[in-house]
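Visitor: The sequence and its predicted three-dimensional model are supplied below.
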Amino acid sequence: MLLEEVYKKLRAEGHCCITVFRGEGAGQYTDPDHAHGSLQFPAMHSKVVKLEIAAVDEDVESIIEIIQQTASTGSRGDGIIFVMPIEDMI
């Protein structure tokens, strides 16, 4: 599975502080070929995996590159990456 490959490559490059979330989502980029109906969710949705990675600024480009090279499936909405500053960690 792609998730395991991404995780292994990130760890092999020394990146840590990785949290994995598995869930379902719907949005502008939901791939109709991979969408599912549900009684729990009224809209068509796709199964998603979300990674949260806490990293120093110097590691961001390396992390993005690993994710893009390893996790791309070519599906619509695949590979959305957000980079946000961490103001504080307690």
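Guide: Noted; the coordinates are in hand.
Visitor: To which secondary structure element is residue 47 assigned?
Guide: Assigning secondary structure by DSSP states H and E places residue 47 in strand 46-53.
Visitor: so after that strand, what's the next helix or strand?
Guide: Toward the C-terminus, strand 46-53 is succeeded by helix 60-71 as the next helix or strand (DSSP H and E).
Visitor: Give me the mean pLDDT for that next one.
Guide: Averaged across helix 60-71, pLDDT comes to 94.
Visitor: What helices and strands are in contact with that helix?
Guide: helix 2-12 (3 or more CB pairs under 8 Å, 6 or more residues apart in numbering; DSSP states H and E). To be clear about C-beta, it is placed using only N, CA and C from the backbone, and glycine gets the same treatment.
Visitor: at 10 Å what do you get?
Guide: Here helix 60-71 touches helix 2-12, strand 46-53, going by 3 or more CB pairs under 10 Å, 6 or more residues apart in numbering; DSSP states H and E.
Visitor: which residue sits closest to residue 89 in space, ignoring its chain neighbours?
Guide: Once flanking residues are discounted, residue 89 sits nearest to residue 54: 7.1 Å by CB to CB, 6 or more residues apart in numbering.
Visitor: give the contact list for that neighbour.
Guide: Listed by CB atoms under 10 Å, 6 or more residues apart in numbering, the contact partners of residue 54 are 15, 16, 17, 18, 19, 86, 89.
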